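S.K.: A predicted structure for the sequence below; I have some questions about it.
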Amino acid sequence: MNAAVILLPGLNRDRDMVAALTKISGHAPQTIWQTETSIPDDIDLIVIPGGFSYGDYLRCGAIAARMPVMKAVREKAEKGVRVIGVCNGFQILLEAGLLPGALMRNASLKFVCREVMLEVTNAKTAFTGGYSQGQIIRCPVAHHDGNYFADEATLGDLEANGQVAFRYANGTNPNGSVNDIAGIVNQAGNVLGMMPHPENLIESAHGGDDGRALFESALGLVAA
């Protein structure tokens, strides 16, 4: 499968994401700048990395979500192409309406940078097939606005439909997210948004490889 990484002013995890996808897939992903209005037909996976797009002005991800490239991302998502948004990428997907809910300021009102534990809540998604149901994995976080919130009806739908892919586990919720939600997928199951950074835990040099299976799953290297 061929991957592409979206580039926006202020993102600072794009090189990490490119490096992770290159190591795991064996070839470098394409990079697509914010002003592009189309994405090549041979792209099977689109990733929006973390950082501080447009300085997080207005709301985190609000300006980035309105850039031309995001219309192209939406069109691809509607055709079933897999999309991952990590950290600021998750915020952008929410602002673009590709996922439900919102990400608010951390409950502590402080930037949080540490390792957390995640429970694989649904191992049957296109992004979690490389894990087992209920598996607990390690993953780093680094964010100031990662407190996931949705109204009761939306939360009910997410839980009932198996759209919660990852949950903070073992009391490590770093931001106050409702229901300990760390990552969700859309109803179609081809768009994933998550606050933790799996790209920063894919090899021994990182101190572990718990994030690797997510990308292997998304790239079709393991069965969903």
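M.R.: In hand now; what should we look at?

S.K.: Okay, buried residues for stretch 78-85 please.
M.R.: Buried residues in stretch 78-85, defined by neighbour count with 16 or more other Cβ atoms under 10 Å: 81-85. From N, CA and C alone the C-beta is placed, and that goes for glycine too.

S.K.: And stretch 165-184, by the same measure?
M.R.: For stretch 165-184, by 16+ other Cβ under 10 Å, it's 165-169, 172-184.

S.K.: Check the offset of it from the chain's centre.
M.R.: 14 Å (Cα atoms, centre = their mean, to the nearest Å).

S.K.: can you list contacts of that stretch?
M.R.: 90, 99-101, 106-108, 112, 114, 116-122, 125, 127-128, 136, 141, 143, 146-150, 155, 158-159, 163-164, 185, 192-196 (Cβ atoms under 8 Å, 6 or more residues apart in numbering).

S.K.: And Gly146, how far from Ser217?
M.R.: 22 Å (Cβ to Cβ, to the nearest Å).

S.K.: So the two - more neighbours on which side?
M.R.: Neighbours per residue, other Cβ atoms under 10 Å: of Gly146 and Ser217, the larger number sits with Gly146, 29 against 22.

S.K.: per-residue confidence at the more buried one?
M.R.: With respect to pLDDT, Gly146 scores 97.

S.K.: Was I right to think it contacts Arg114?
M.R.: No. Here Gly146 does not reach Arg114: they are 12.0 Å apart, not a contact under Cβ atoms under 8 Å.
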